[in-house]
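Q: Requesting a structural model of the entry that follows:
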Amino acid sequence: MIDKVSMMQGQISALNRQGADINAAGLSNPTGATALRQRLLERADASFSPARQDVEFPQRMTDALRSVAEAQNDSARITRDFELGRETDLAKVMVTQQVSSLGFQMTLNVRNKVLSAYKDIMNMPV
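A: Numbering: from 1, shown residues only. Modelled structure (predicted):
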């Protein structure tokens, strides 16, 4: 029993060291984190600009779909680069994949809600 506990503690310590090494090489990289933060701030500023507020709904939907497609293409590109050894930042690859996945899930949920609303309207008595 004691051997199993000490063995598990050794494995936990090794995993903690490995996680710290990955974190030190990944998002804690000041230039990478700063660049990512800057890009996110630029996108947020562009989203809330007064010129964007006058855009019609179909154009907003088109822009949103393009943004999701762009995120998926970026994710595929950076994943391929990581597999080929061109990209070494695993955390950046994982974050890009998660952003792509969340965008796709959001798009899918919006589509499902629109279809549900359409069916509800079609089933209303006249």
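Q: remind me which residues of this structure are low pLDDT?
A: Residue ranges of the chain with pLDDT under 70: 1-31, 47, 49-53.
Q: What distance do you get for the residue sitting nearest the centre point of it to residue 68?
A: Most central in the chain under C-alpha atoms, centre = their mean is residue 99, positioned 1.0 Å from the mean C-alpha point. As defined by C-beta to C-beta, to the nearest Å, residue 99 lies at a distance of 10 Å from residue 68. No exception for glycine: its C-beta is placed from N, CA and C like everyone else's.
Q: What of residue 38?
A: In terms of C-beta to C-beta, residue 38 sits 21 Å off from residue 68.
Q: Show me where the chain has its helices.
A: 2-25, 30-47, 50-53, 57-84, 90-122 (DSSP state H).
Q: Report the spatially nearest residue to residue 107, omitting neighbours in sequence.
A: In space, and not counting its chain neighbours, residue 107 is closest to residue 68: 5.2 Å by C-beta to C-beta, 6 or more residues apart in numbering.
Q: Test my guess that that neighbour contacts residue 108.
A: No: with contacts defined as C-beta atoms under 8 Å, residue 68 does not count as touching residue 108, sitting 9.8 Å away.
Q: out of the two, which sits in the busier spot?
A: Under the criterion of other C-beta atoms under 10 Å, the comparison of residue 68 against residue 108 puts residue 68 first, with 19 against 11.
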